[in-house]
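Visitor: sequence? don't have it. structure:
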C-alpha cells in the first residue's frame, strides 16, 4: 500500500465522523495555541523589562540601602546614607562620576477635590532625577533646586494619576493633597512603560526636602542613582563610590549597609528570572497539549472499534500488519498536524493583542516546535490504537462485526 493510498485512507477516516474529528482538532489546536502564546507572553514580558532597564542607560549605578534590624540595628542606624552623605558624594569631585541623585519613597493617599487614589508611590528627589532616569516632563516643568532648598509643596505627577484625579480637565496647575497636605501640580510626566507591580504612570515626584519633612523623616534615603561620565567608566565609578561611602560611613568593605548594582547585573538577573518564567509558562501550556493527545488516543480507539469489519476485510484481502499500523498512525498524525496548523494560526492572531498589559512576542522556534510536538503526540498517542488494529486477526475481526 503506497503512502498516497494510506494518506487518502487516513483522510477518509477523519472525515467519516466530522464532529468527533472537529472536537479532537479543537483540543490539539488549543494546546498548540497555548504553548505558542504563553511562550510569547513570557518573551514579551522579558523584552519589556529589558527595554525598561536599558532605558535607564548603560552608565548608571544604583546604590540601595539595606534595612536595619537584628542585633546590628543600632550600628546600622549610625551608618546610614542620608542626604548629607549624598551631598558629600556629589561634592567630592570623583573622576568617573557625573552626578549623584538621592531618592526617598513612601506610599500615601493622593486626592483632588472630587476623587482620591490610595497607595500611590510618592518619591522625594532632586531635579537631577529627570536627567539620569527615564522620567521626563511632558507638560509643565520639573521642580527646581530652589524648590528643594525651600521645601516647596510642588509636585510632578504621572499621566495615569493626572487622568484619575482630573478626568475632565488638565491637572497642571491644580492642587492635590498628599496625605492631607496640599501640593501644586507643576508638571505631568510623559507616559512610561510599566514593568513591575507598581504603575510608573501613577506616581508623585516632589522635592526630597518636603517629602522628608512631611512624611519620611530625615533618616536614610531609599536609593541613590549615580551617573558615570560614560558607559566605559561604570566599574571605575562603582569602585570610587564604594571607597568614598565606606570612608564617609566609617565602614569596612564587608559591612552590608548598602549594595551597588549596575544595569548589566540587573539585566543578567532579569534574564535568568525571565527564562525561568518562560519555561514555567511553556510547561503549563504543554499540559493542555498533553490533554489533547489523550483525546487523540480516545478518538482513535473508538475509530478502531467502529472499523473492526473494515480492518478484517482488508486483512482478509492481504493487507499487511505494517499497512494497517501505518494507516492508523498516519490518521492520528494527520489529525494532530491539522490541529497544530490551526493552533499556530490562532496563536499568531492572538499575538497581535496585549494580554494583561503585555504585548506577546512570538519566539521563532516556538512555531516549528509546537507543530513538531503536535505531530509527535499524534504518533505517540496513536501507537496503541494502531497496534491494536494491526494485531487483529481477520477471522476475529469479521466475527466481531
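Guide: Ah, there it is. Remember, predicted model here, so these are calculated numbers, not experimental data.
Visitor: Strand partners (parallel or antiparallel) of the host helix or strand of residue 64?
Guide: Here residue 64 sits within strand 60-65, counting by DSSP states H and E. Sheet pairing of strand 60-65 (DSSP bridges) gives strand 223-228 (antiparallel), strand 258-262 (antiparallel).
Visitor: To residue 317, which of the ones you listed lies closest?
Guide: strand 258-262 (75.0 Å; Cβ to Cβ). All C-beta atoms are positioned from the backbone trio N, CA, C, and that covers glycine.
Visitor: residues in contact with that closest one?
Guide: The contact list for strand 258-262 (Cβ atoms under 8 Å, 6 or more residues apart in numbering) reads 60-66, 81, 234-235, 238, 241-242, 245.
Visitor: tell me which of those is nearest to residue 257?
Guide: Out of the contacts of strand 258-262, the member with the shortest distance to residue 257 (by Cβ to Cβ) is residue 66, at 5.6 Å.
Visitor: returning to what we had before: so which of the strands paired with strand 60-65 is the most packed in?
Guide: Across those, averaging neighbours per residue (mean count of other Cβ atoms under 10 Å) puts strand 223-228 on top, at a mean of 23.
Visitor: Identify the residues contacting it?
Guide: 57, 59-65, 81, 86, 89, 96-103, 129, 131-133, 234, 236-238, 241.
Visitor: try stretch 369-377
Guide: 28, 31-32, 35-36, 286, 289-290, 292-293, 296, 333, 336-337, 339-341, 343-344, 347.
Visitor: Over to stretch 95-103?
Guide: 59, 81, 83, 86, 89-90, 123-126, 128-129, 131-133, 208, 221-229, 233, 236-237, 240-241.
Visitor: And stretch 170-186, by the same measure?
Guide: Stretch 170-186 is contacted from outside by 108-112, 122, 139-143, 153-157, 161-162, 165-166, 187-188, 204, 206, 214-215, using Cβ under 8 Å, 6+ apart.
Visitor: So which residues of this structure form strands?
Guide: 60-65, 97-111, 116-125, 137-140, 154-157, 175-178, 181-189, 203-207, 223-228, 258-262 (DSSP state E).
Visitor: Any chance of a markdown table for the ones you listed, columns distance to residue 45 and mean pLDDT?
Guide: Shown next, in a markdown table, are the strands of the chain (distance: least, Cβ to Cβ, whole Å; pLDDT from 0 to 100):
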| stretch | distance to residue 45 | mean pLDDT |
| --- | --- | --- |
| strand 60-65 | 21 | 85 |
| strand 97-111 | 24 | 93 |
| strand 116-125 | 21 | 93 |
| strand 137-140 | 26 | 93 |
| strand 154-157 | 26 | 96 |
| strand 175-178 | 32 | 95 |
| strand 181-189 | 23 | 95 |
| strand 203-207 | 21 | 95 |
| strand 223-228 | 24 | 90 |
| strand 258-262 | 21 | 82 |
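Visitor: Now do stretch 382-397, average pLDDT.
Guide: The average pLDDT within stretch 382-397 is 69.
Visitor: swap in stretch 324-341?
Guide: For stretch 324-341, the per-residue pLDDT averages 80.
Visitor: For stretch 279-286, buried residues please.
Guide: The neighbour-count check on stretch 279-286 (16 or more other Cβ atoms under 10 Å) flags 281-282, 285-286 as buried.
Visitor: Name the nearest of these relative to residue 382.
Guide: Looking at the buried residues of stretch 279-286 and their distance to residue 382, the nearest is residue 286, at 18.5 Å (Cβ to Cβ).
Visitor: Tell me who's in contact with the residue lying closest to the closest one once chain neighbours are set aside.
Guide: Distances taken as Cβ to Cβ, 6 or more residues apart in numbering place residue 35 nearest to residue 286, at 6.2 Å, with adjacent residues excluded. Residue 35 makes contacts with 282, 285-286, 288-289, 343, 366, 369-370, 373, as judged by Cβ under 8 Å, 6+ apart.
Visitor: Give me the buried entries from these.
Guide: Among those, those classed as buried by 16+ other Cβ under 10 Å are 282, 285-286, 288-289, 343, 366, 369-370, 373.
Visitor: Quick check: helices, which of the residues you listed are part of them?
Guide: 282, 285-286, 288-289, 343, 366, 369-370, 373 (DSSP state H).
Visitor: Save these as JSON lines, and put in distance to residue 353 too.
Guide: Below are those laid out as JSON lines (distance: Cβ to Cβ, whole Å):
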{"residue": "282", "distance to residue 353": "20"}
{"residue": "285", "distance to residue 353": "17"}
{"residue": "286", "distance to residue 353": "23"}
{"residue": "288", "distance to residue 353": "20"}
{"residue": "289", "distance to residue 353": "22"}
{"residue": "343", "distance to residue 353": "17"}
{"residue": "366", "distance to residue 353": "17"}
{"residue": "369", "distance to residue 353": "22"}
{"residue": "370", "distance to residue 353": "19"}
{"residue": "373", "distance to residue 353": "24"}
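Visitor: Return the closest of these with respect to residue 17.
Guide: Closest approach between those and residue 17, by Cβ to Cβ: residue 343, at 21.1 Å.
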